[in-house]
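J.: Here is a sequence with its predicted model. Questions after.
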Amino acid sequence: MEGLLHQVLSGLATGSIYASMALALVMIYQATHHLNFAQGEMAMASTYLAWSLIAAGLPYWLAFVLTVGLSFVAGVAIERIVLRPLANAPVLALVIVFIGLLVIFNSVAGWIFTYTIKTFPSPFPPEPLFGGLISSHELGAMGVTLGMLALLYLFFRYTRLGLAMRAAAQNPVSSRLCGVRVGWMLALGWGMAAAIGAVAGMMIAPIVFLDPNMMAGVLLYAFAAALVGGIDNPVGAVVGGFIVGVLENVAGAYLIGTELKLTLALVVIVGVLVVKPSGLFGRVLVSRV
Amino acid sequence: MANATITRVQPTAAIATSWRALAILLLLAAATALPFGLSGYQTFQITLALAYAIALLGLNMLTGFSGQISLGHGAFYALGAYATAILMDRFDWPYWATLPVAGVVCLIAGFLFGLPALRLEGLYLALATLALAVATPQLLKSKLLEEWTGGVQGISILKPDPPDFLPISADQWLYLFTLAVTALMFLIGWNILRGRVGRALRAIREHPLAAEAMGVNIALYKSLIFGVSAMFTGIAGALGAISVQFVAPDSFDVFLSIRLLVGLVVGGLGSISGALWGALFIEYVPNIADQISKAAPWAIYGIFMIGFMYAMPTGVAGGLRLLAGRLRRWRGSTE
């Protein structure tokens, strides 16, 4: 029983990281109806940036804030430079560009930082809590994620900019007529997604270690999480993240073993898409014929 | 007047067709002579490029022609490779007999994966196939299949000997064998794509609703082409396994699928000859770029993918066609 509780708790901890990656995916999906396949690699690049800053002697939290800020700027830049010209391109072209970005981030990180695995520091003390039920990093990661979610909620609910961003995502044409600069709202969404991804990357890196391919599995789980919750619903993405995290850990421990964990993500993705494509909280899309 | 235009058009079309047939025959003759001027390793490389060309043709049928995005064709390539390796290693089958089996296995697997994929549009299919590609190495390493797949170790197979009456090396024989299979697969692919089926697929890509209104059975075509596409890729995987003489889970990771996508984009979406250009690109660019850095080939791949989407969305094959058209018009205006 204690073992199960431990698995569930650490599942919730990784789930919180999947939740933030899923949230980053949903932010971009809501605004542009794109699935950003490069989201994981962008987070990985941000994490390497944090690692370099810490290696250069900066204190952890300063490096954390700088990384989030720089990732935001990079996200905005990618939207403005790479994706803006393709605003009306067919889906295939966009998928190819996203995969291209994925490959470029991955290879450039490998080029600069080599493919050897690095350890990434955790800002939280190393000793386990509550008699070994959960490590303090896991608890801390969960806290950081939930804090970030609360901030995002407040931002979207109570600020003018947040309202404008929601409007631009929901009805770009009317928002433009009301004076919202829709293009910039999309770019801001990209920046925020990149910043959220950076936080997720820095939180998962102490667990999975830092290497250029570290996010492949995480991204897959994040997609699964976003789909479980409904790809156009931020709250759903978070709930989905926790569900997938717990499912992954419990199934990995008792059902299928760790070696088939990624296959579980595949099954979840295909299963949700086939059985209930709108997820738990998503809107059912009806297309007019 | 109407008659005059018809009689004018037909001979030129016929001449163009016979010119093209002649060009293809010349190309085949040159390709047959090729290994006799190359070293063993160079022959091996170009054999592998031919295998990639078949895989790309398969992927192109699905993604380029019918518009269903697959980021997971490496999985079918792996399936074909393992089918051949297992048959050769465990059951002592001759190498040539394993190809049809690999093809049929992948046809069925592709068809079955295509059935749920019918419900997935554009992005979601890309996502599901990406998940398939990421999960493939784990599935191959799985303890449940270890008895067949050899687990992490993989399977080694022997290089086939040339027939006794031919005084050529094993590499050269394998190249000629692969060339023959490639020519056959391209002939089959061309026959599938040039007529009714090809038109139906393009209609599905351009406007599914209109296609359905015109009587195209979308579900049937989509799942069938998924199977056929997987079959081509599986046969390519089988040929690849025979020439590399080794299969292991980690050579079939998600980057193999992305490599195929790169070949598709560079060669030309929706073009049969594009498969050849793309195959040459993904086979030779890493060999050249590896000298700079281990990561360099992938950086180049990524830049080419994005660059082609901006500047040349129809790939090398489309670019050449454009060039030929310009040339013809230019000659027409000077005459």
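T.: Thanks, I have the structure now.

J.: Tell me, how many residues neighbour residue 284?
T.: No chain specified, so I'll use chain A. 9 (other Cβ atoms under 10 Å in any protein chain shown). All C-beta spots, glycine's among them, are computed from the backbone N, C-alpha and C.

J.: wrong one, I was asking about chain B
T.: Residue B:284, neighbours per other Cβ under 10 Å, totals 13.

J.: Then residue B:64?
T.: 28.

J.: Look up how far chain A lies from it.
T.: 9 Å (Cβ to the nearest Cβ, to the nearest Å).

J.: for that residue, phi and psi?
T.: Residue B:64 has phi and psi values of phi -70, psi -40 when expressed as degrees, to the nearest 10.

J.: and what of the one 3 residues further on?
T.: In terms of degrees, to the nearest 10, the main-chain angles of residue B:67 are phi 80, psi 10.

J.: which residues touch it?
T.: A:92, B:204, B:205, B:206 (Cβ atoms under 8 Å, 6 or more residues apart in numbering or on different chains).

J.: measure the first one to chain B for me?
T.: The one in question is residue A:92. In terms of Cβ to the nearest Cβ, residue A:92 sits 6 Å off from chain B.

J.: What is the three-state secondary structure of that residue?
T.: Classification of residue A:92 using DSSP: H, G, I helix; E, B strand; the rest coil returns helix.

J.: In a markdown table: the contacts of residue B:67, plus pLDDT, neighbour count and distance to residue B:131.
T.: Shown next, in a markdown table, are those (pLDDT from 0 to 100; neighbours: other Cβ atoms under 10 Å in any protein chain shown; distance: Cβ to Cβ, whole Å):
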| residue | pLDDT | neighbour count | distance to residue B:131 |
| --- | --- | --- | --- |
| A:92 | 85 | 22 | 18 |
| B:204 | 88 | 23 | 23 |
| B:205 | 88 | 19 | 23 |
| B:206 | 86 | 11 | 27 |
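
J.: Spell out which two among those are the most distant pair, please.
T.: A:92 and B:204 (13.2 Å; Cβ to Cβ).

J.: which sections of chain B are below the confidence cut-off?
T.: B:1-15, B:334-335 (pLDDT under 70).

J.: all strands for chain A, in order.
T.: Counting by DSSP state E, chain A has these strands, from start to end: A:128-129, A:134-135.

J.: most packed of those?
T.: strand A:134-135 (a mean of 20; mean count of other Cβ atoms under 10 Å in any protein chain shown).

J.: Which strands or helices does it pack on?
T.: For strand A:134-135, the packing partners by 3 or more Cβ pairs under 8 Å, 6 or more residues apart in numbering or on different chains; DSSP states H and E come out as helix A:2-32, strand A:128-129.

J.: Lowest average confidence across these, which one?
T.: Here the lowest mean pLDDT among the helices and strands packed on strand A:134-135 goes to strand A:128-129, at a mean of 70.

J.: so of the contacts of residue B:67, which ones are in helices?
T.: A:92, B:204, B:205, B:206 (DSSP state H).

J.: so can I have CSV of those residues showing distance to residue B:160?
T.: Listed next are those as CSV, based on distance: Cβ to Cβ, whole Å:
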residue, distance to residue B:160
A:92, 38
B:204, 40
B:205, 39
B:206, 44
